[in-house]
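give me a model of this one.
(2 chains)
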2 protein chains.
Amino acid sequence: MSDHQIIFQVEDIKDPIEIIVPTGTLLADAARLGGVEIGQPCGGQGRCGRCAVQVTSGTIRRRSTLRLSQESIDNGFALACQSVVEGEATVMVPLQEKIARNLTTDRVAAEVSVPDGYSYETAQTLRRVNLQLNAPSMDDQTDDWSRVQTALRTQTGLSRTTISLATLRNIGSRLREGDWQVTAILDKDPHGETARLIDLLPETIIATTPLWGVAIDIGTTTVSLWMVNLITGEVKSQVAEYNGQIARGEDVISRIIYASKNGGALEMRERVLDTIDDLLIQACKRLNARPREVYKATISGNSTMMHLLLGIPAASIRLSPFITGVNQIPIITAHEIGLNIHPEATVDCLPGVASYVGADITAGVLSAGVPECDEMVLFLDVGTNGETVLGNRDLLITCACSAGPAFEGAGVVDGMRATTGAIEEVWINGETYEPSYRVIGNCAPTGICGSGLIALLSEAFITGILDKAGNVKLNLPTNRVREGAHGAEYVVAWGKETGSGKDIVLSRVDIDNLLRAKAAIYAGFTVLADQVGIPLSSVSKVLVGGSFGKYINVEKAIQIGLLPDLAWEQFEFLGNTSVRGAYLALLDWQAREKITGIANRMTYVELSADNTFYEAFTSALFLPHTDLGNFPSVKAALQIA
Amino acid sequence: MSDHQIIFQVEDIKDPIEIIVPTGTLLADAARLGGVEIGQPCGGQGRCGRCAVQVTSGTIRRRSTLRLSQESIDNGFALACQSVVEGEATVMVPLQEKIARNLTTDRVAAEVSVPDGYSYETAQTLRRVNLQLNAPSMDDQTDDWSRVQTALRTQTGLSRTTISLATLRNIGSRLREGDWQVTAILDKDPHGETARLIDLLPETIIATTPLWGVAIDIGTTTVSLWMVNLITGEVKSQVAEYNGQIARGEDVISRIIYASKNGGALEMRERVLDTIDDLLIQACKRLNARPREVYKATISGNSTMMHLLLGIPAASIRLSPFITGVNQIPIITAHEIGLNIHPEATVDCLPGVASYVGADITAGVLSAGVPECDEMVLFLDVGTNGETVLGNRDLLITCACSAGPAFEGAGVVDGMRATTGAIEEVWINGETYEPSYRVIGNCAPTGICGSGLIALLSEAFITGILDKAGNVKLNLPTNRVREGAHGAEYVVAWGKETGSGKDIVLSRVDIDNLLRAKAAIYAGFTVLADQVGIPLSSVSKVLVGGSFGKYINVEKAIQIGLLPDLAWEQFEFLGNTSVRGAYLALLDWQAREKITGIANRMTYVELSADNTFYEAFTSALFLPHTDLGNFPSVKAALQIA
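Below you'll find the model as predicted:
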């Protein structure tokens, strides 16, 4: 045994810290000796991955790499609590918040990049054309609209252009104001030489001036809007805000019920329109543009959100046999739904498949690239409902399970949405059963959000606080387990440390709700795999869309049996695939048609009519599952713990 | 000489009146002897034709038949003042008002008859289809709109149906209310198997139930509406009312000016919409129908009326070079213009040709049958403007002259519209210069309307009160000619007999206005004939449209040189050809396409840019014209008088 010099380079701190330690010293201990702060929420059990450091030179020995991807390992990452010194080494210690971020979001798609080879000329249906017209005279008394049509025909090759009455009312003054030099904004049929005239602007516009479109995703919780320059394809502004409908119901079901009341549908429509308007104003302000200059919108969202936006009755979505009013929505114009962009702007609502598999999923499947996959992949969007698609380039099969909003914090006593004060991550020391947690906004906690609940459930299970069936073991040597008002419970945070002064707990009732939610989702996977006739383990990738997927910890989600037990590398967190799909459709008519193709060929499995579902569901009501054989990594983790 | 028994059978009086008179007695004298009232407004000069009676048996000798058509003569009609007894005869005396009517309207088209061979199946684009749908189930979760589309495809053969967002909002409740037995109202593209869904009704409707459409003519003065059962093609109600815009201007020019003011366009639109709404309510009440059950409207009217209705700026119509915003108006829906029929009803505004040759003329040309004529015919619609079309199956040439509203009573001191109190017909005794007149409503006169002015001008000219140039001869032995405030004048009615207590006169200024108006119209004919290279006299028929044509006395109109001097038989008074054209277009898509064809092939001659027009105009500023050779019948009448 000999001593070795270990150099710690802490990110954002200029001077390295050097320390001499003997062979076999844990990197974590070496760091502590050198005064370098490395968090170990799991108590050094190698489970949380929060102590990941990067060995930039020298050698260390990794005892466990449970939380590291092969790529990370190749890049020198190691868990400080699971790695021992065997020689000199230089170790880079990332900022703690960066690690946290890394763990949960390193697989999130990078900043939005314009699709390769995007060409406004070939991909875009929106057209901006400068027109030179001859002024009328006694020798040429052609009416204004015919004059415009002729100019369009001769100067752009369009054989036929349609116009709305509202636009027809404006062209006369525009032509004269522009002294017969105008710019036409058109939406062209990609399959023919016909177009719809959106507006005539009384000026000549240079070709590089931005031409605005927006991609909108109406989530039950959050509305996202991307403002796009259609000339270059660039996303110039991304804004998001809570859906104003939240004040009238957390989930789609309560919104439908509210909308079915007198005046409720109108209020719902106005609330989401207000949200979109706010976003538009924000985005436009940043870009020095006006909402009226937005000539095209592509909208994605689940079927309920789409019905509520359009004012189409949604009641039948909620009641058996669960029928939507419309899946493939005709092209409409902005003024028809009251969207505050150019009143004649094209509004393209993307197609859904069924009551609980909406445009967010078809758009998500496109943006996740499922139709380009040779191997079978699982696409999922876990939110209020767990919508899942299993498929590849040949096949697409989908289902939705009413997971309920448990993972959005509802139905859980101390549950809350992922806002300031929410515990978003939890680690429990396997020896002391003491938790450590991270709170959004770094303040006193007031509740637990979805990702926190998954982590809490997982930690409680792995550390033995819960048994397989989710029962709290009351005989543990800690005062954090106790009999509470809703059955046995585990205290995550004592009243003295919380925002409300009350204890934050995970109760038996909460656990049951969470188990049902995760079981429903997992049972969905099972049913789809059964239908296709493959084992879940043969899925090559799991593509997770939605903001939920952005924050969950895969390992923990596997440990509770919410996600199938696949390798870290097989998961991809794609963020908001719905708005990204809307963006792709906004840019490129072929992408748009692909989404219709996806909607058309996707086979929908109605789980409530499926016998195998109930069976799969009951099997999944355990931690992680009745059949632990399907969860080898969890088995391993249990052995470590 | 011997005595003969003459039996007078007065219409509506049961018992005949018998009288014995000698050979050679005037029928008029025989009637007077028998106490039978026969009016002779012209004082028995054989000029007014008001004493026409029908000899049903026996013989009489006609000394003159100036006011009778050959057809009337063949039917035994004779002028009582110009016919002498030569044997026994039975004479039918029509009711006096009927004679008046006969004289002025006997060539007006009979009650509207459904076009020969009308077939809803082949001619109509509107479709009413009962649909049987399968109720959704867990095994068939097809969305409502796809379900309807499928039913339409399989049950009607339509390959594609479009729908508006507004209709989409309704179909879900209609399907359920009707328990999946519904009736679709569609507007079908006659050239393909596609259609637009107007509504779904939650019931099954039997095939013979009326299916309503309306044909509307928006005249500057009067709006006419025909309510039509599209199943049978029958016009079930005809209503008309003054255009509410009249309160803001008598003619199109003043309306355009008003509409160009702040808020004026909106007010104009609302005023005409209110008028149409009133008519709709009237028509619907009679038929026990609801305006919402009207699914299609075809609208005709001059270009200004059309622009004002649609809210399209009309200012450029008024100013050189006289440009319309649009001639061929796209199909719109009722809610877009605020028409109070079914909001999704098809509104088809017929096409115009130019600022002053509108849809009223293209529709009129169709309904007058011009495109079916082998020989050259003159179609004219005399109103505020004199729009004229010269043509046949091969050629259509048109012009409009700003006749001004003189013939609608404006610009004439005692002029008024054809309402109660208006002198509508005048006869002047050639010896005493005393007039007799007929007043609308049989009350004390308050003014003179267009037909009255024509008659007055003609009578004053024929009886020698006016010279060729329109000067009042002040040296006549009557106190009815005098120097007045507006130059020399003729007193038509003394103050003691008028509604206002003031004399009703025809002054020099009035005469000048009337001469200019009639000269403009006649010059239009001349220019068109010149362009085609034919003399006006070779025109085979003169087809007169418009309500004005319905009341004028052709002979008098010829005598003042307003109409070309052709035989009585060559004139056809067709009434409101515009609304009739709209009716034909409403019924039959091929008729509708013919109107577009008419609009497309009609050559428009802009008179204000035409040198020959001014020449023709000045030549026509005389009574009847500089060249009396063109007016042989007038020459003859002058000789009689």
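
what's in contact with stretch A:163-172?
Applying C-beta atoms under 8 Å, 6 or more residues apart in numbering or on different chains, the external contacts of stretch A:163-172 come out as A:144-145, A:148, A:196-200, A:333, A:335, A:343-344, B:310-313, B:316, B:325-326, B:329-330, B:332, B:336-337. All C-beta atoms are positioned from the backbone trio N, CA, C, and that covers glycine.

rerun that using 7 Å as the cut-off
Residues from elsewhere that reach stretch A:163-172, judged by C-beta atoms under 7 Å, 6 or more residues apart in numbering or on different chains: A:144-145, A:148, A:197, A:199-200, A:343-344, B:310-313, B:316, B:325-326, B:330, B:332, B:336-337.

need the pLDDT of A:Gly484.
Note for A:Gly484: predicted pLDDT of 88.

what's the local residue count around it?
The number of residues packed around A:Gly484, counting by other C-beta atoms under 10 Å in any protein chain shown, is 18.

do A:Thr156 as well
A count of neighbours around A:Thr156, defined by other C-beta under 10 Å, yields 18.

ok, now which ones touch the nearest residue to it once chain neighbours are set aside?
Spatial nearest neighbour of A:Thr156, excluding adjacent residues (C-beta to C-beta, 6 or more residues apart in numbering or on different chains): A:Val129 at 5.3 Å. When the contact criterion is C-beta under 7 Å, 6+ apart, the partners of A:Val129 are A:Gln155, A:Thr156, A:Thr183, A:Ala184, A:Leu186.

which among the contacts of stretch A:163-172 end up buried?
A:144-145, A:148, A:197, A:199-200, A:343-344, B:310-313, B:316, B:325-326, B:332, B:337 (16 or more other C-beta atoms under 10 Å in any protein chain shown).

among these, which are located in strands?
Secondary structure from DSSP state E places A:Leu197, A:Asp199, A:Leu200, B:Ile332 of the buried ones among the contacts of stretch A:163-172 in strands.

between those residues, which is nearest B:Pro210?
Compare each of these with B:Pro210 using C-beta to C-beta and the shortest gap goes to B:Ile332, at 23.9 Å.

partner residues bridging that closest one?
Following DSSP bridges, B:Ile332 is listed with bridge partners B:Val347.

mind checking how far it is from A:Ile163?
10 Å (C-beta to C-beta, to the nearest Å).

try A:Tyr490
Applying C-beta to C-beta, the value for A:Tyr490 to A:Ile163 is 66 Å.

compare those two (neighbour count), which wins?
A:Tyr490 (28 against 23).

please tell me the pLDDT value assigned to that one.
The confidence metric pLDDT takes the value 96 at A:Tyr490.

hmm, A:Ala460 and it touching each other?
Yes: the pair formed by A:Tyr490 and A:Ala460 meets the contact definition of C-beta atoms under 7 Å, at 5.8 Å.

got any residues that touch both of these two?
In terms of C-beta under 7 Å, 6+ apart, A:Tyr490 and A:Ala460 are both contacted by the residues A:Leu506.

mind checking pLDDT for the closest residue to A:Ser260 other than its chain neighbours?
Setting aside the residues directly before and after it, A:Ser260 is nearest to A:Ala315 in space (C-beta to C-beta, 6+ apart), at 4.9 Å. pLDDT, A:Ala315: 95.

next one: A:Ala315 from A:Asn243, what distance?
A:Ala315 sits 20 Å away from A:Asn243, taking C-beta to C-beta as the criterion.

between those two, who's got more neighbours?
In terms of neighbours (other C-beta under 10 Å), A:Asn243 is the more surrounded of A:Ala315 and A:Asn243; the figures are 23 against 17.

next one: the most centrally placed residue in chain A from A:Ile361, what distance?
What sits nearest the mean C-alpha location of chain A, by C-alpha atoms, centre = their mean, is A:Gly546, with 1.7 Å. Per C-beta to C-beta, A:Gly546 is found 10 Å from A:Ile361.

now the common contact residues for these two.
Shared contacts of A:Gly546 and A:Ile361 (C-beta under 7 Å, 6+ apart): A:Asp381.

which SSE is immediately downstream of the worst-scoring helix or strand of chain A on mean pLDDT?
Taking mean pLDDT, DSSP states H and E as the measure, helix A:96-105 is the helix or strand of chain A with the lowest mean score, a mean of 41. For helix A:96-105, the following helix or strand on the C-terminal side (DSSP states H and E) is helix A:120-123.

ok, residues contacting that following helix?
Counting by C-beta under 7 Å, 6+ apart, the neighbours of helix A:120-123 from elsewhere in the structure are A:Leu230, A:Ile231, A:Leu587, A:Asp588, A:Trp589.

switch the cut-off to 8 Å
Defining contact as C-beta under 8 Å, 6+ apart, one finds that helix A:120-123 is touched by A:Leu211, A:Leu230, A:Ile231, A:Thr232, A:Gly233, A:Leu587, A:Asp588, A:Trp589, A:Gln590, A:Ala591.

do a quick rundown of the helices in the stretch 301-450 of chain A.
A:303-310, A:315-318, A:334-337, A:359-367, A:450-462 (DSSP state H, counting those that start in this stretch).

give me whichever of those is most buried.
Of all those, helix A:359-367 has the most neighbours on average by mean count of other C-beta atoms under 10 Å in any protein chain shown, namely a mean of 31.

how far off helix A:303-310 does it point, in degrees?
Computed with axes from the mean of the first three to the mean of the last three C-alpha atoms, to 10 degrees, the direction of helix A:359-367 lies at 110 degrees from that of helix A:303-310.

please export the C-alpha coordinates of helix A:359-367 as PDB.
Below are the C-alpha coordinates for helix A:359-367, written out as PDB (Å, rounded to 0.1, in the frame of the first residue of the first chain):
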ATOM      1  CA  ALA A 359     -52.300  14.900 -30.900                       C
ATOM      2  CA  ASP A 360     -49.700  15.300 -28.200                       C
ATOM      3  CA  ILE A 361     -49.000  11.600 -28.800                       C
ATOM      4  CA  THR A 362     -49.100  11.600 -32.600                       C
ATOM      5  CA  ALA A 363     -46.900  14.600 -32.600                       C
ATOM      6  CA  GLY A 364     -44.700  13.100 -29.900                       C
ATOM      7  CA  VAL A 365     -44.300   9.900 -31.900                       C
ATOM      8  CA  LEU A 366     -43.100  11.900 -34.900                       C
ATOM      9  CA  SER A 367     -40.700  14.100 -32.900                       C
END
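
so does that helix get close to chain B?
No: in this structure, helix A:359-367 remains apart from chain B according to C-beta under 8 Å from any C-beta of the partner chain; the gap is never smaller than 12.6 Å.

try stretch A:392-402
No: contact of stretch A:392-402 with chain B is not found when judged by C-beta under 8 Å from any C-beta; the minimum separation is 11.7 Å.

quick one, strands of the stretch 301-450 of chain A?
Taking DSSP state E, counting those that start in this stretch to define them, one finds strands in the stretch 301-450 of chain A at A:332-333, A:346-349, A:377-382, A:386-391, A:396-401, A:422-428, A:435-439, A:447-448.

Throw these into TSV and include mean pLDDT, thanks.
Rendered in TSV, the data for those read as follows (pLDDT from 0 to 100):
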stretch	mean pLDDT
strand A:332-333	97
strand A:346-349	98
strand A:377-382	90
strand A:386-391	92
strand A:396-401	93
strand A:422-428	92
strand A:435-439	92
strand A:447-448	92
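
between the ones you listed, which gets nearest to A:Glu250?
Of all the strands of the stretch 301-450 of chain A, strand A:447-448 sits nearest to A:Glu250, with 13.7 Å by C-beta to C-beta.

just give me how far that closest one sits from the chain centre.
The chain centroid and the centroid of strand A:447-448 are separated by 21 Å, computed with C-alpha atoms, centre = their mean, to the nearest Å.

in terms of secondary structure, what does it contact?
The contact analysis (3 or more C-beta pairs under 8 Å, 6 or more residues apart in numbering or on different chains; DSSP states H and E) places strand A:447-448 against strand A:422-428, strand A:504-507.

the first one pairs with which strands, and in what direction?
For strand A:422-428, the paired strands and their directions (DSSP bridges) are strand A:435-439 (antiparallel), strand A:447-448 (parallel).
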